[in-house]
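K.L.:
take this sequence and fold it.
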Amino acid sequence: MMDSIRIDKWLWAARFYKTRSLATEEVGKGRVQISGHDIKPSREVRVGDTVVLWQAAVKRTVVVLGISGTRGSAPVAQTLYEETAQSVLERAQAAEQRRLHAEPALAIAHGRPTKRDRRDLQKGLNARWSASIDD
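P.N.:
Coordinates of the predicted model:
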């Protein structure tokens, strides 16, 4: 039985990343920490270590419960770690925040307005908000 394994291999086996090379790349970019320290992909992880990782701007904090060098099914992979209660709460709050405050640029249905659209918009604004006495 192993008592430690490379972090990139563990992240891949625990199904946080689809490929081991992707896990290695994410660790190299500083998106994975062990006990609050930036690490290299070759860093060994042991049972009881606290791993913090960012996936698509979502922070997850997990405690290592098991070591495996092979990638198994999702139910098996979930036995290798346990997400902290604080992390689950923060992820839920972040999801709610994203739901309530969507990115304004994503709400534009047809992209940027054309020159004609801008003129029409401007014409409507000038007529409605004009401060001139001539009207």
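
K.L.:
and Lys18, how far from Val51?
P.N.:
Note on Lys18: its distance to Val51, by C-beta to C-beta, to the nearest Å, is 18 Å. Where you see a C-beta, it was placed from the backbone N, CA and C, and this is true even at glycine.

K.L.:
who's more crowded, these two?
P.N.:
Taking other C-beta atoms under 10 Å, Lys18 and Val51 do not tie; Val51 has more neighbours (21 against 10).

K.L.:
surely the more buried one is within a helix?
P.N.:
No. Applying DSSP: H, G, I helix; E, B strand; the rest coil, one finds Val51 to be strand, outside a helix.

K.L.:
okay, now the unreliable bits of the chain?
P.N.:
Judged against pLDDT under 70, the low-scoring parts of the chain cover residues 1, 104-109, 124-135.

K.L.:
residue boundaries of the helices in it?
P.N.:
Listed in chain order, the helices found in the chain under DSSP state H are 7-13, 20-28, 74-77, 85-100, 115-129.

K.L.:
looking at those, which is closest to Arg43?
P.N.:
helix 7-13 (4.9 Å; C-beta to C-beta).

K.L.:
who does the residue lying closest to Glu26 once chain neighbours are set aside form a beta bridge with?
P.N.:
In space, Glu26 comes closest to Val32 once its chain neighbours are excluded; the distance is 5.9 Å by C-beta to C-beta, 6 or more residues apart in numbering. Partner residues in beta bridges with Val32, using DSSP bridges, are Leu53.

K.L.:
number of residues surrounding Val32?
P.N.:
Counted by other C-beta under 10 Å, the residues lying close to Val32 total 26.

K.L.:
distance of it relative to Val52?
P.N.:
Val32 sits 7 Å away from Val52, taking C-beta to C-beta as the criterion.

K.L.:
what does Ala85 give?
P.N.:
Taking C-beta to C-beta as the criterion, Ala85 is separated from Val52 by 15 Å.
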